[in-house]
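Novice: Quick one, what's the 3D model for this:
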Amino acid sequence: MSKKVKAFAADLIHAGNRGLTIDHEAIAAQVENLLAGMSPAQLRHEIRGWQPAPIEGLYYAGGDADAGIPSYAMVDGPRGARVGKATAFPVAIARAASFDVALERRVGIAIGLEVAANGGNVLLAPTMNLLRHPGWGRAQETYSEDSHHTGAMAVAFVSGAQNHVLASPKHFAANNLENTRFEMSANADMRSLHEVYLAHFKRVVQESAAASIMSSYNKINGVYCSEDPQLLTGILRERWGFKGFVESDWFLGTRSTAQALKAGLDIEMPSGYRRSDEKLDEALAAGEITEADIRAAAARALHQKLAWDLNTLPKPEAAVVECDAHLTLAREAAEKSLVLLKNAGAVLPFEDRSGLRIAVVGDLADQVNLGDRGSSLVTPSAAITPLAGIQQRASSAEIHYFSSDADLGGLADFDVCVVVTGLTYKEEGEFIPTAQIESEDSQLARGGDRTDLKLPQAVLELLERVSAVSRRTVVVLEGGSAIEVEGWLEAVDGLVMAWYPGAQGGHA
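Specialist: Residues are numbered from 1 along each chain as shown. Coordinates of the predicted model:
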């Protein structure tokens, strides 16, 4: 073959990335001029968020309108902008299954555009911690267990998003479990850290010029990441050449006043608890910090405001949110994310023909299942369920729906049974230590790590009931990580991993 295909065409991946066009030396000089005219109160304001609660979905930090200093307006978004209504894309681990970096760049562009249209300028994404344990509750938010693969996907996402907004890859670093993330220590030797746990972060800093980095809750080798000078200054800035700012993870992400400030944590989010005026004054009086330490952090926080010229950063029209192009992209991403795991007797694909009788089984077939309801929650205006997608696609066939608790005795009369099942936010997700109220029925959605890799017992019983009577059975699994199939795989003909496929997942 004479044709050559580039798996990672850097010029295409990085096209439009504003972060790669900055003259940082010139910006540093501008920052120094700005600092010379700022009061101590203004400097302090630059190193902390405004308040614990978001304002119209956005978290603000710093800024002084009278002085012409813009504020950062931050919002989450690993699978779509978490502000107002937004396009819900498949979760990151689903998109990673496509191995398509060009596609991931386009997803980053779309999410960044919707963040900007909603008034945001910092996208708190991508999540790019390695999936080191398949039971990690937040596995769906990241890309994979492989540092090279994760780095390639994250670089593409960051360069795409930074066509419109600043990206903030997270969580730096070695944040790979949920339930113990606030106190745990990830202990590793330096070679393992640099070759495995940090290599993909290095890529987003050096290849895609990530504008900011979010530090993680956990410790590394006994030191909280938010107050580790080796991590935030020695590695990130001095070895890798990072020019952006570091903001803490929310609330418990800043564990000290003086130590975190001196280590290189620039902005405490979402508000100044450790960095209140009172605590800063106490640290100054005790000689734990100096005014120069505050000034240095403020300088790093200001640097990207000037570099990106946030006062004139374009705000797209509101019509770009959930526009046809983004919905089409979400469907493409979902289609390319699907993984065919079993296809005995070429049961798939179905032929859309008159006379074909399809039974669609399972509660999840008729439910919107977008994934975790922690910080990556996205609220689309509408979402296509698997049942609705099958009904539209197989319009010539005869389709009947059976809920999980329906009488399944008649399934033998159908040519094929499609069981849509798997996991939901109730089995896995970001661990929220306080009660998170679920919008539709007021149950608690606390997330957390999975205790095992099996499907819930009720699901296993459903699969047994269906396979006992069905002529041919195809299982569509939704979920965010590995799922154990031993014990029922031999009884089914087809198996598809659909992940949490986003608002267009049913069509996919």
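Novice: Kindly list the main-chain dihedrals of residue 277?
Specialist: Dihedral angles of residue 277 (phi, psi; degrees, to the nearest 10) stand at phi -60, psi -40.
Novice: surely it meets residue 44?
Specialist: Yes - using Cβ atoms under 8 Å, residue 277 makes contact with residue 44 at a distance of 6.6 Å. The way it works is simple: take the backbone N, C-alpha and C, and place the C-beta from them, glycine included.
Novice: Settle it for me: which of those two has more neighbours?
Specialist: residue 44 (21 against 12; other Cβ atoms under 10 Å).
Novice: State the mean pLDDT of the host helix or strand of the more buried one.
Specialist: Using DSSP states H and E, residue 44 maps to helix 40-45. What helix 40-45 shows for mean pLDDT is 98.
Novice: For it, what is the distance to the chain centroid?
Specialist: Distance of helix 40-45 from its chain centroid, counting by Cα atoms, centre = their mean, to the nearest Å, is 32 Å.
Novice: Can you give me the neighbour number for residue 38?
Specialist: For residue 38, using other Cβ under 10 Å, the count is 19.
Novice: Could I get the buried residue list for the helix holding residue 44?
Specialist: 42-45 (16 or more other Cβ atoms under 10 Å).
Novice: And for stretch 14-30?
Specialist: 14, 17-19, 22, 27.
Novice: Residue 250 versus residue 269, what's the distance?
Specialist: Separation of residue 269 from residue 250 (Cβ to Cβ, to the nearest Å) stands at 6 Å.
Novice: one step back: using PDB, write out the CA atom coordinates for the helix holding residue 44.
Specialist: The C-alpha trace of helix 40-45 is given here as PDB (Å, rounded to 0.1, in the frame of the first residue of the first chain):
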ATOM      1  CA  PRO A  40      -3.200  43.900  48.600                       C
ATOM      2  CA  ALA A  41      -6.900  43.400  48.600                       C
ATOM      3  CA  GLN A  42      -6.900  43.000  44.800                       C
ATOM      4  CA  LEU A  43      -4.100  40.500  44.900                       C
ATOM      5  CA  ARG A  44      -5.900  38.400  47.500                       C
ATOM      6  CA  HIS A  45      -9.000  38.400  45.500                       C
END
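Novice: just checking, next helix/strand downstream of it?
Specialist: strand 59-61.
Novice: what packs against that next one?
Specialist: Counting contacts by 3 or more Cβ pairs under 8 Å, 6 or more residues apart in numbering; DSSP states H and E, strand 59-61 packs against strand 72-76.
Novice: which other helices and strands contact the strand it packs on?
Specialist: Using 3+ Cβ pairs under 8 Å, 6+ apart, strand 72-76 is in contact with strand 59-61, strand 122-124.
Novice: quick one: contacts of that strand?
Specialist: 54, 57-63, 81-83, 115, 118-125, 166, 168, 247, 267, 269, 301, 305, 310, 375-377 (Cβ atoms under 8 Å, 6 or more residues apart in numbering).
Novice: if we can go back for a sec, hey, which of the helices and strands packed on strand 72-76 is tucked in deepest?
Specialist: Ranked by mean neighbour count, the helices and strands packed on strand 72-76 are led by strand 122-124 with a mean of 29 (mean count of other Cβ atoms under 10 Å).
Novice: Which SSE is immediately downstream of that strand?
Specialist: helix 147-161.
Novice: re earlier: format the helices and strands packed on strand 72-76 as JSON lines; extra columns: distance to residue 388.
Specialist: Output for the helices and strands packed on strand 72-76, formatted as JSON lines (distance: least, Cβ to Cβ, whole Å):
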{"stretch": "strand 59-61", "distance to residue 388": "35"}
{"stretch": "strand 122-124", "distance to residue 388": "30"}
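Novice: What about the residue nearest to the spatial centre of the chain? Give its phi and psi, please.
Specialist: What sits nearest the mean C-alpha location of the chain, by Cα atoms, centre = their mean, is residue 78, with 2.5 Å. For residue 78, the backbone dihedrals (degrees, to the nearest 10) come out as phi -60, psi -30.
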